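Chemist: need a structure here:
(chains A and B)
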There are 2 protein chains.
Amino acid sequence: MLTKEHIAETYKTIQDEICKGLEELDGGAKFEEELWEREGGGGGRTRIIQQGNVLEKGGVNFSAVHGKLPEVIKKSFGVDEDDFFATGVSIVIHPNNPWVPIIHMNIRYFELNEKIRWFGGGIDLTPHYVEEGDAKFFHQMMKNVCDKHHPSFYSDFKTWADNYFYIKHREETRGIGGVFYDKLTPEKTGLSNEQIFDFSCDLGRTFLPTYKELVDRNRNRTFTEKEKQWQLLRRGRYVEFNLVYDAGTRFGLETNGRIESILMSLPSTANWAYDFKAAAGSKEAETLGLLKKDINWTL
Amino acid sequence: MLTKEHIAETYKTIQDEICKGLEELDGGAKFEEELWEREGGGGGRTRIIQQGNVLEKGGVNFSAVHGKLPEVIKKSFGVDEDDFFATGVSIVIHPNNPWVPIIHMNIRYFELNEKIRWFGGGIDLTPHYVEEGDAKFFHQMMKNVCDKHHPSFYSDFKTWADNYFYIKHREETRGIGGVFYDKLTPEKTGLSNEQIFDFSCDLGRTFLPTYKELVDRNRNRTFTEKEKQWQLLRRGRYVEFNLVYDAGTRFGLETNGRIESILMSLPSTANWAYDFKAAAGSKEAETLGLLKKDINWTL
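Modeler: Numbering: from 1, shown residues only, chains lettered A, B, ... in the order given. Below is the predicted model:
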């Protein structure tokens, strides 16, 4: 029997593995940890790394919380049960170098009255400049881990990510997508809860080798002031997505979550320019042309 | 008879007056104008000033749009009519110098099937550092213009601003408030539509002398790098308010408004720091202590 305690402990171990790996990768900064407790029950370990060699600002958070579900959330879920338990690992990394992409990962488990059990999660990549080789590598890594568990996971969750990580008012995707899934159950997948859980752990453990490769490919590349400015504008879009659309962020803001843990996803600096237009044929214009849904990167 | 054409023309004139005054005040940068048309009907004049002596980024926008109200908005208004007309002037100014406050002004008029007629608007001030003398001056200017039109406007609209310009997840006000009102009608105010319109014009014309005084008091003050960093953090909060709570911004994003005009309110640069704590007794801590509702600045 797969217990919530086992899920939480395993996710905690994954947080440890990732923090260790990211510190080695960075070679400079160390994570600072903050333990916190939630008034309604449970708590978490927020870990933040700042001003590293590679990582300008990153958070790798674990939490395991429980309590009574607010009425408004019960309604939106269409359920009557209200004793909830939720645990997960959540990551956002903003690198210094504009050639190194922003990355986000989340694996989570949700339980209601020990009756309803859901898994959610995903990894998505937001390159400041989209480079075909990196994009293909990233999506292939996502496909590899999905294919190990279910023949349609990659295709289904890739489409889900395209639709989820979409900045509607800009008519552009946040980045090149990745995989995203929510409320997975045995009924929906044909897998047991144990198997879905195994998938979520595998996905979590794919994060480090994937990001390490992308960092190593790009960390020593030089960049111009213009490229830095473009990075800051792209971060502005990241802020827009997170504050306007991201379900986890908005859920956290509306339910009095721990603000500093929720908003660790925001970059240390972001810019906005009025009506910026990328010059035709520029690298910036090329990237904008690739911030679209339904690009197949694993052909 | 007060026509919508007259309201729009007068608001347009107020936009002209304010742009002229802000250019004189800045003494360096000039507004750039962009005329745009709305697919469903109407259009606007977006005017942006950037990289001035005082004004780092500011927008003074006029629009007059009409068309059919989306179903979701009709519902939220609780009305059956759907031929709408809306006109207004909207301003946000982000100054270079952290001692000069951010300011926002909006006056607007909304009509449904020439039957329902509503006025809305407000001015609110967001000092990076709250200074008592400036705060008192600002609120006294707001009180003076309100008192000319209605004995309870200042008190009512000051409270409304305290509640509206509130960053719930931070448990702090955006700044020191000001005045805010929405859906004003003769029934609610005892004034005629002409009188409410006159009030909105007077409020619009209070903007320039009010901001000019605050700029002149502070524009030549020197500042440290630490004070600049604090300004950037406060701008991060401004971004949070606008993207998460501001009704006009969210309305614009949800109804396919002109994105660049809507998001001109965002600063050119903003920062986020994980779990920033102001040192006890510092100017920053003092300011945080004054970002509260229900402070009476006109005693």
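Chemist: the residue in the stretch 1-150 of chain A that chain B sits nearest to in helix, strand or coil?
Modeler: With Cβ to the nearest Cβ as the measure, residue A:48 is the residue of the stretch 1-150 of chain A nearest to chain B, at 4.7 Å. Bear in mind the C-beta positions are built from the backbone N, C-alpha and C, glycine included. Here residue A:48 takes the strand state, with states given by DSSP: H, G, I helix; E, B strand; the rest coil.
Chemist: my guess is it contacts residue A:264, does it?
Modeler: Yes - contact between residue A:48 and residue A:264 holds when scored by Cβ atoms under 8 Å: they sit 6.1 Å apart.
Chemist: now do the shared contacts for those two.
Modeler: A:57, A:59, B:274 (Cβ atoms under 8 Å, 6 or more residues apart in numbering or on different chains).
Chemist: where along chain A do the strands fall?
Modeler: With strands called from DSSP state E, chain A shows them at A:32-37, A:42-50, A:55-68, A:83-95, A:102-112, A:116-126, A:166-167, A:172-173, A:178-184, A:269-271.
Chemist: follow-up on the earlier one: distance to residue A:14 and pLDDT for the shared contacts of residue A:48 and residue A:264 - can I get that in a markdown table?
Modeler: Listed next are the shared contacts of residue A:48 and residue A:264 as a markdown table, based on distance: Cβ to Cβ, whole Å; pLDDT from 0 to 100:
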| residue | distance to residue A:14 | pLDDT |
| --- | --- | --- |
| A:57 | 21 | 97 |
| A:59 | 15 | 97 |
| B:274 | 21 | 93 |
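Chemist: can I get the residues you listed in TSV with distance to residue B:157?
Modeler: Formatted as TSV, the shared contacts of residue A:48 and residue A:264 follow (distance: Cβ to Cβ, whole Å):
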residue	distance to residue B:157
A:57	39
A:59	40
B:274	36
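Chemist: of those, just say which sits nearest to residue B:72.
Modeler: Closest approach between the shared contacts of residue A:48 and residue A:264 and residue B:72, by Cβ to Cβ: residue A:59, at 34.7 Å.
Chemist: can you name the residues bridging to that closest one?
Modeler: On the basis of DSSP bridges, residue A:59 is bridged to residue A:48, residue A:92.
Chemist: who touches it in this structure?
Modeler: By Cβ under 8 Å, 6+ apart, the contact list for residue A:59 reads A:46-49, A:90-92, A:261, A:264-265, B:274.
Chemist: for burial, what's the neighbour tally of residue A:120?
Modeler: Using other Cβ atoms under 10 Å in any protein chain shown, residue A:120 is surrounded by 19 other residues.
Chemist: from residue B:61, how far off is the residue of the stretch 1-150 of chain A closest to chain B?
Modeler: Distance of residue A:48 to residue B:61, given as Cβ to Cβ, to the nearest Å: 38 Å.
Chemist: likewise for residue A:68?
Modeler: Distance of residue A:68 to residue B:61, given as Cβ to Cβ: 45 Å.
Chemist: compare these two (neighbour count), which wins?
Modeler: Using other Cβ under 10 Å, the more surrounded residue of residue A:68 and residue B:61 is residue B:61, with 23 against 11.
Chemist: hmm, residue B:89 and the more buried one touching each other?
Modeler: Yes - using Cβ under 8 Å, residue B:61 is in contact with residue B:89, at 6.9 Å.
Chemist: shared neighbours of the two, anything?
Modeler: Listed as contacting both residue B:61 and residue B:89 by Cβ under 8 Å, 6+ apart are residue B:15.
Chemist: residue A:98 - nearest residue in space that isn't next to it in sequence?
Modeler: residue A:231 (3.6 Å; Cβ to Cβ, 6 or more residues apart in numbering or on different chains).
Chemist: tell me the confidence at that neighbour?
Modeler: You'll see residue A:231 listed with a pLDDT of 98.
Chemist: so residue A:245 sits right up against residue A:169, yeah?
Modeler: No - the pair residue A:245 / residue A:169 is not scored as a contact, 9.2 Å apart, by Cβ under 8 Å.
Chemist: returning to what we had before: what is the burial count for the residue of the stretch 1-150 of chain A closest to chain B?
Modeler: For residue A:48, using other Cβ under 10 Å, the count is 20.
Chemist: that one and residue B:165, how far apart?
Modeler: From residue A:48 across to residue B:165, the span is 29 Å (Cβ to Cβ).
Chemist: contacting residues for residue A:79?
Modeler: So residue A:79 contacts A:112, A:116 (Cβ under 8 Å, 6+ apart).
Chemist: how about the one 4 residues further on?
Modeler: By Cβ under 8 Å, 6+ apart, residue A:83 lies in contact with A:66-69, A:112-114.
Chemist: how does it look with 7 Å?
Modeler: A:68, A:112-113 (Cβ atoms under 7 Å, 6 or more residues apart in numbering or on different chains).
Chemist: what does the stretch 1-150 of chain A put close to chain B?
Modeler: Selection of the stretch 1-150 of chain A residues close to chain B by Cβ under 7 Å from any Cβ of the partner chain yields A:48, A:50.
Chemist: pLDDT at the residue nearest to residue A:257 when sequence neighbours are not counted, what is it?
Modeler: Sequence neighbours aside, residue A:251 is the residue nearest to residue A:257 in space, at 7.4 Å (criterion: Cβ to Cβ, 6+ apart). pLDDT for residue A:251: 84.
Chemist: before we move on, what about residue A:164?
Modeler: 98.
Chemist: what does residue A:176 give?
Modeler: So, for residue A:176, pLDDT stands at 98.
Chemist: what do you get for residue A:115?
Modeler: 86.
Chemist: how about it, nearest residue that isn't a chain neighbour?
Modeler: residue A:81 (6.1 Å).
Chemist: swap in residue A:253?
Modeler: Excluding the flanking residues, the one nearest residue A:253 by Cβ to Cβ, 6+ apart is residue B:169, at 4.6 Å.
Chemist: surely the one you found is in contact with residue A:260?
Modeler: No - with contact defined as Cβ atoms under 7 Å, residue B:169 does not reach residue A:260; the gap is 10.3 Å.
Chemist: what's around the closest residue to chain B within the stretch 51-200 of chain A, how many residues?
Modeler: Nearest residue of the stretch 51-200 of chain A to chain B, counting by Cβ to the nearest Cβ: residue A:169, 4.6 Å away. The local packing of residue A:169 (other Cβ under 10 Å) involves 18 other residues.
Chemist: these two touch, right, it and residue B:257?
Modeler: No - using Cβ under 7 Å, residue A:169 makes no contact with residue B:257, being 8.3 Å away.
Chemist: sketch out the helices for chain A, chain order is fine.
Modeler: For chain A, applying DSSP state H gives helices covering A:4-26, A:71-77, A:132-147, A:153-164, A:186-189, A:193-218, A:225-244, A:247-254, A:259-262, A:283-290.
Chemist: tabulate the ones you listed (TSV), appending mean neighbour count.
Modeler: What follows is these, written out as TSV (neighbours: other Cβ atoms under 10 Å in any protein chain shown):
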stretch	mean neighbour count
helix A:4-26	18
helix A:71-77	12
helix A:132-147	18
helix A:153-164	20
helix A:186-189	12
helix A:193-218	19
helix A:225-244	20
helix A:247-254	16
helix A:259-262	20
helix A:283-290	16
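Chemist: JSON lines for these, including distance to residue B:40?
Modeler: JSON lines is the format used below for the helices of chain A (distance: least, Cβ to Cβ, whole Å):
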{"stretch": "helix A:4-26", "distance to residue B:40": "48"}
{"stretch": "helix A:71-77", "distance to residue B:40": "31"}
{"stretch": "helix A:132-147", "distance to residue B:40": "37"}
{"stretch": "helix A:153-164", "distance to residue B:40": "26"}
{"stretch": "helix A:186-189", "distance to residue B:40": "40"}
{"stretch": "helix A:193-218", "distance to residue B:40": "43"}
{"stretch": "helix A:225-244", "distance to residue B:40": "22"}
{"stretch": "helix A:247-254", "distance to residue B:40": "28"}
{"stretch": "helix A:259-262", "distance to residue B:40": "36"}
{"stretch": "helix A:283-290", "distance to residue B:40": "26"}
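Chemist: lowest mean pLDDT across those helices, which one is that?
Modeler: helix A:71-77 (a mean of 81).
Chemist: done for today, thanks.
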